[in-house]
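Enquirer: Predicted model, plus sequence, below.
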Amino acid sequence: MKRISLLFLVAMAAIATAHAFRMETTYRMDNGKMVVSASINGEKGLFILDTGAPCTVTHSFAQRAHLAAGQSTQVYDSNGNVARTQIINLPELKLGGIGFTHLQAMQLPQGNMIEAFGVDGIIGYNLFQQGIVKFDGRVHKFILTNDTTGLGMDLNQAIVMAEDPYSVMLPIRLGNVTDTVMFDSGAVDLYEMSNRMYQRVQADTAQFRRLASGQGILSMGAAGVEAASVKHRVLIPQCHIGNNLFANVTTITTDAIDSRIGSELLQYGDVIIDYKQQFFYFQPHADVTTPINAYRPEWDVVITVTDDHLTAGMVWDNAKGNIRSGDRIVAIGQQRIDKVDMRQATTTQLFNLDPKGTEITFINGRTGKEEKTTISMK
């Protein structure tokens, strides 16, 4: 499964230590997600660092940490689907040796599928807004502080953020067009174009080139798997993030309200967000004198996990054979596939797929018969 991101549109507040503080911790990357160790109420857990979501805990973690659920509320996830949650208070969240108190969070309902990914929740924007955050992509270090000392902030790389009470919103240039995007560290790809933005640029074939179209499923939010929808794969020859030029950026349109920049950005440089001064910094890892080539090939059939089996989540119009979105995949090469553990599928490479061509066997949803086709990356 890919492109899993949680986005809640709710108001939160957090109180950190009143004096100057600096918290540092390391994170690991799990399928594009930044995962850290933290404790709440003395109970240890694993949490995703997500600038696009508030602090959140799973139902099972809340039970282990003896957290009392409060008011029930209705929120929307990254795909616009409705999710029911409860507001809770965290007596203390301890991260990197620093304790933060009186922090509000959301408790997900029992059985929410985020638990299948082996994490206990999210550390999000209502904590980050207490200061300045830095993501160091080279050494996988996360810093939260209210002091600019030692962060290496380069004012030449500062981007003025758009006003928004929750999200980190910043303008980027796509050719001659400006898109105001969310920096969502819980998203995976470098750039995810909203369908609303695609409607603006689809006729501009000089600056944007459609590589493929199709109907299917690619993402999952707090309320579950998104509904199947029409998507487009687009090539953007030039993309400016601040003073930095990216070339050949590939993106897949989404039904999200806003376009997004995800954690792939950290492969090319560090990110600093100064919430108080409303500045966003992207600082390349090295002096860049030529455009950064960000082209990423994509499978013509994107395999996803539905319940406990593999399916064709997205089938582009340049794919071969009779396979359609939703068809169950029962073999990859000569290896028959029965059940698949979602956590393993989203954090490890379960199968060896040759990007030049891999044969798969699927059940044709129209005939009920097994068929074979070859998928590849383009």
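Expert: Perfect, I can see it now.
Enquirer: What pLDDT does the model give the most centrally placed residue in the chain?
Expert: When C-alpha atoms, centre = their mean is applied to the chain, the residue found nearest the centroid is Ala187 (1.3 Å). We have a pLDDT of 92 for Ala187.
Enquirer: just checking, it touches Leu49?
Expert: No. Ala187 is beyond contact range of Leu49, at 12.0 Å (criterion: C-beta atoms under 8 Å). For the C-beta atoms, the positions are set from N, CA and C on the backbone; glycine is no exception.
Enquirer: Identify the residue spatially nearest to the residue nearest to the centre of the chain, adjacent ones excluded.
Expert: Gly262 (3.3 Å; C-beta to C-beta, 6 or more residues apart in numbering).
Enquirer: For that neighbour, give me its contacts.
Expert: Applying C-beta atoms under 8 Å, 6 or more residues apart in numbering to Gly262 gives the contacts Ser5, Gly32, Asp184, Ser185, Gly186, Ala187, Val188, Asp189, Leu190, Tyr191, Glu192.
Enquirer: Where does Glu371 sit, in terms of helix or strand?
Expert: Secondary structure from DSSP states H and E places Glu371 in strand 370-375.
Enquirer: now the residue nearest to Ala187: how far from Pro91?
Expert: Using C-beta to C-beta, to the nearest Å, Gly262 is found at 32 Å from Pro91.
Enquirer: repeat for Ile303
Expert: For Ile303, the distance to Pro91 - C-beta to C-beta - is 42 Å.
Enquirer: next one: Leu127
Expert: 14 Å.
Enquirer: how about the helices in the stretch 101-250 of the chain?
Expert: Applying DSSP state H, counting those that start in this stretch to the stretch 101-250 of the chain gives helices spanning 125-128, 195-201.
Enquirer: Just name the most buried of those helices.
Expert: Among these, the stretch with the highest mean neighbour count (mean count of other C-beta atoms under 10 Å) is helix 125-128, at a mean of 23.
Enquirer: same question for the strand holding Glu371, mean pLDDT?
Expert: 97.
Enquirer: I'd like the distance from it to the chain centre, please.
Expert: Distance, stretch centre to chain centre, for strand 370-375: 30 Å (C-alpha atoms, centre = their mean, to the nearest Å).
Enquirer: who does that strand pair up with?
Expert: strand 358-363 (antiparallel) (DSSP bridges).
Enquirer: And the average pLDDT for the strand it pairs with is what?
Expert: Rounded mean pLDDT across strand 358-363 is 96.
Enquirer: and what of stretch 338-347?
Expert: On average, stretch 338-347 scores 69.
Enquirer: try stretch 253-271
Expert: For stretch 253-271, the per-residue pLDDT averages 94.
Enquirer: ok, now stretch 92-103?
Expert: 92.
Enquirer: Likewise for stretch 193-205?
Expert: Stretch 193-205 comes out at a mean pLDDT of 93.
Enquirer: do stretch 40-59 as well
Expert: 95.
Enquirer: Can you give me the neighbour number for Gln110?
Expert: Neighbourhood size, Gln110 [other C-beta atoms under 10 Å]: 11.
Enquirer: before we move on, back to that, of Ile303 and Pro91, who's got more company?
Expert: Ile303 (24 against 14).
Enquirer: and that one, which of the three is it?
Expert: Under DSSP: H, G, I helix; E, B strand; the rest coil, the three-state class of Ile303 is strand.
Enquirer: How about the contacts made by it?
Expert: Ile303 neighbours (C-beta under 8 Å, 6+ apart): Leu310, Thr311, Ala312, Gly313, Ile329, Ile360.
Enquirer: quick check, nearest of those residues to Met23?
Expert: Gly313 (37.5 Å; C-beta to C-beta).
Enquirer: my guess is that closest one contacts Thr304, does it?
Expert: Yes. Using C-beta under 8 Å, Gly313 is in contact with Thr304, at 3.1 Å.
Enquirer: OK, contacts around Val35?
Expert: Tyr27, Arg28, Met29, Leu46, Phe47, Ile48, Leu49, Val119.
Enquirer: Show the backbone phi and psi for it.
Expert: phi -120, psi 130 (degrees, to the nearest 10).
Enquirer: If it is in a bridge, with which residues?
Expert: Arg28, Ile48.
Enquirer: gap between it and Leu144?
Expert: 16 Å.
Enquirer: what does Ala62 give?
Expert: With C-beta to C-beta as the criterion, Ala62 and Leu144 are 23 Å apart.
Enquirer: And Arg328, by the same measure?
Expert: 44 Å.
Enquirer: and if you look at Leu235?
Expert: Taking C-beta to C-beta, one finds Leu235 at 36 Å from Leu144.
Enquirer: residue ranges with poor pLDDT in the stretch 151-300 of the chain?
Expert: 219-226 (pLDDT under 70).
Enquirer: if you set the cut-off to 50 instead, what comes out?
Expert: Counting by pLDDT under 50, the stretch 151-300 of the chain contains no low-confidence range.
Enquirer: now the strands for it?
Expert: 158-160, 169-174, 177-183, 209-216, 220-221, 224-225, 229-241, 244-252, 260-261, 269-274, 279-284, 292-293 (DSSP state E, counting those that start in this stretch).
Enquirer: buried ones in the first one?
Expert: This means strand 158-160. By neighbour count on 16 or more other C-beta atoms under 10 Å, the buried set for strand 158-160 is Ala158, Ile159.
Enquirer: What of the second one?
Expert: Applying a neighbour-count criterion of 16+ other C-beta under 10 Å, the buried positions in strand 169-174 are Met169, Leu170, Pro171, Ile172, Leu174.
Enquirer: Isn't the first one up against Ala162?
Expert: By that I understand Met169. Yes. With contacts counted by C-beta under 8 Å, Met169 reaches Ala162, the gap being 4.0 Å.
Enquirer: Report the set of residues contacting both of these two.
Expert: Thr180.
Enquirer: Check the secondary structure at Asn322 for me.
Expert: When the rule is three-state DSSP, Asn322 gets the label coil.
Enquirer: Torsion angles phi and psi at it?
Expert: phi -100, psi 10.
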